Each structure stands twice: as C-alpha cells, then as structure tokens.
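[1] Predicted model follows, preceded by the sequence.
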Amino acid sequence: MNTRIVVLGGGTGTSTVLRGLKKIEGVQLTAIVSVADNGGSSGLKRKDHNVLPPGDLCQCLRALSRLAPDLLDLFAYRFHTGREQGDTLGNLLLTASEEKFGDVCTSMKRLHELFQVEGHVIPVSYTAQDLCALLEDGTVLEGEDEIDRPSRTSRIPIERCFLDPAIEACVEAIEAINAADVLILGPGDLFTSTVPVLLTSGVREAIIRSKAKLLYIMNLMTHHRQTSLYTAGDHLRKVTHYVGRRFDRVLINTAPFPDEAIARYAVTKEQPVVDDLPQRCDIVRADLLSIFIQEPVAGDVVRRSLVRHDSNKLAEAILTAIQ
C-alpha cells in the first residue's frame, strides 16, 4: 500500500519537497497549494484575468510531472522583453486554461493530463485569497505583495496574519488531508507561503483531527520583512500556533552555508536560522542543503532564495523521519 503524503504550502519550498519524494517508490503525493499570491507575474494574471495566481500551482505541476526535463524547462521560461516581460510560459498556460475551461476544477484536471502529473496538485481554495498582516504597532498590511515588499529600513514585526474575507477550503483539499498518512509543512516563507494555507477555513480543523504524522521542515534563512532574527524555536512556535497541534517531527539543516551566500544575504539583513531547538528524538538534524547558489533569472521581478534545500536529501530525511 502506498504511503499517502500531503505537502501543504507554496513557493519553491513545496515543489522542492515534491521533486525529491516523487522519485521514491510506494509514495502517493498530493500538494495543497496556497492561492494568496498577488505579486509579480502571478499577481498580474490574478488581477487582469480574475484567475487563481498560477505561479505556485505551476511549480507543483512541474515538480510532479513525468515530462522530459527540457519540456519542463520550457514551461519555466521567463520572458524578459516585450509585453510578456516577467511572465513564465507556465503562468500564461495556466491562465489560458482557467479562462478556456471556465472553472478551476476542469482546468486543473486537464492540466494534470497535459503535464502528465503523477500525484495531485490541489489549490487550497477555488477562490483566490487576500492575505493581511497585523503588525505589533496596529498597522495592517493588505496583500502578500505588500507584506513581502522590500524595505531599506527595519519594519515593526508581524503580530499575526489573517484572510479578509475568510475563504473556505475546497472539498478536495480537506479530503486529501483526511486520507493522508503524512502531512508536511515547509519549507517556505512563514507568513506568505505556509500560513495562508493554514488560515483557509477547514484546513486547521482537518489537520487537528488527522491521525497522520505531522512534519515541519525548518527554513534555511530568516526573512527580513517576515522573520527577521527568528530562531528555529521562533519559527516552530509560530507555525505550531497556526496549525493547532504539535509536530511529530521537525527537520532542520546542519550543513554550513557558503560564505558567498551569507555575505549576499547580509546585505538584506538576513541570516541562517539559528538552531536553538532541544536535543530530542523528534528534532531530526541532517545535511539538507543544496550545494548550488540560485542566481536571479532575467525578467523576474520577485527576489528568490539564493540557497535552497536539496530535494534528494530532503526525501531521504523525510523517509527516515516517518519510519
């Protein structure tokens, strides 16, 4: 019998986990993906075409695809001139699919066929989410893009995030959680990738009810606008608050970071997440780091992570953790 693993979140982190796990026999994968993005190419497609933000969904479809690598690279191609500047071919394709078929459910079904997906990619809701952040001084930031907007000065810390209006999770997402043997959160920006999924009505309750093992993959770096100076313990306390139950396993990287990467992150006041977690059997420490530094892509207006988890190392650590 296949082990049913559900990965919840968005962004590059979720797709990294999926790419590693899809190589493992006896694993049935489902991604439940955030639809709160309103910045960059995804935000423009959401605004101009009234569709779900396509970027994170496309990353997960590519991660679980059986297509040849050169075709998958084509879907990731980002235009850097002309009217399509900043758009990826995949984002344009997902936007066209939702417009053509008229509803998200049919569109996602056909996209699974087109990408030859092995597993399932499910938007957490069929309605795009509007994410808000309440800062400790009472200021409210509206929209993921505003929460994530670069700033040359320090910002008041985030007190909490919420959706306005509240959005119900789709039935397929709740059913996937109910059927899961393992639930995985992270890695990914805490307040704009992981938390929006947990804020969707019905998700937190389903996770609390679930008897599945619950794993959290710790982020590698702090985030200046979201988690400045957060330690591993700070991350864990925050995500535990939103998820509503204790994690069975927490995976954290032990490998040192390249000096070049640390220096480049320091410019934006970001640093490796300090491991201040206790020495316990539920805290799994391992080398999870990719050896490659990810350079910016021409035409991409969104700042991406320079250092990332290694998908194969993650998969191995996850399998060890759930045994």
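    Yep, that arrived.
[2] which SS state does residue 216 fall under?
    Following DSSP: H, G, I helix; E, B strand; the rest coil, the label given to residue 216 is strand.
[3] Roughly how far does it sit from residue 149?
    When distance is defined by Cβ to Cβ, to the nearest Å, residue 216 is 26 Å away from residue 149. All C-beta atoms are positioned from the backbone trio N, CA, C, and that covers glycine.
[4] The two: which is more packed in?
    A count of neighbours by other Cβ atoms under 10 Å puts residue 216 above the other of residue 216 and residue 149, at 22 against 12.
[5] Let me know whether the more buried one touches residue 239 as I believe.
    Yes - look at residue 216 against residue 239 with Cβ atoms under 8 Å: they come within range, at 6.1 Å.
[6] Provide the contact partners of stretch 255-263 at residue level.
    220, 271-272, 287-289, 293, 306-307 (Cβ atoms under 8 Å, 6 or more residues apart in numbering).
[7] repeat that with 10 Å
    Contacts to stretch 255-263, defined as Cβ atoms under 10 Å, 6 or more residues apart in numbering, come from residues 220-221, 264-265, 270-272, 286-294, 305-307, 310, 313.
[8] how about the strands in the stretch 101-250 of the chain?
    120-123, 131-135, 140-142, 158-163, 182-185, 213-217, 249-253 (DSSP state E, counting those that start in this stretch).
[9] The first one - which strands sit beside it in the sheet, and in what orientation?
    What it means is strand 120-123. Paired neighbours of strand 120-123 in the sheet (DSSP bridges): strand 27-33 (parallel).
[10] Now, the contacts of stretch 255-263 that are in helices?
    Members of those lying in helices (criterion: DSSP state H): 264-265, 313.
[11] Which single one of those residues is nearest to residue 181?
    Each of the ones in helices among the contacts of stretch 255-263 was scored against residue 181 by Cβ to Cβ, and residue 313 proved nearest at 21.6 Å.
[12] State the pLDDT value of residue 267.
    Looking at residue 267, its pLDDT is 89.
[13] What is the burial count for it?
    Neighbour count for residue 267, taken as other Cβ under 10 Å: 7.
[14] and what of residue 208?
    The tally of other residues near residue 208 (other Cβ under 10 Å) stands at 11.
[15] Just to check, it is in contact with residue 244?
    Yes - between residue 208 and residue 244 there is a contact under Cβ atoms under 10 Å: 4.8 Å.
[16] re earlier: switch the strands of the stretch 101-250 of the chain over to a markdown table; also include distance to residue 31 and mean pLDDT.
    Output for those, formatted as a markdown table (distance: least, Cβ to Cβ, whole Å; pLDDT from 0 to 100):
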| stretch | distance to residue 31 | mean pLDDT |
| --- | --- | --- |
| strand 120-123 | 5 | 98 |
| strand 131-135 | 19 | 96 |
| strand 140-142 | 27 | 95 |
| strand 158-163 | 20 | 97 |
| strand 182-185 | 10 | 98 |
| strand 213-217 | 14 | 98 |
| strand 249-253 | 18 | 98 |
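[17] In TSV: the ones you listed, plus distance to residue 321.
    Below are those laid out as TSV (distance: least, Cβ to Cβ, whole Å):
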stretch	distance to residue 321
strand 120-123	22
strand 131-135	29
strand 140-142	35
strand 158-163	27
strand 182-185	9
strand 213-217	6
strand 249-253	4
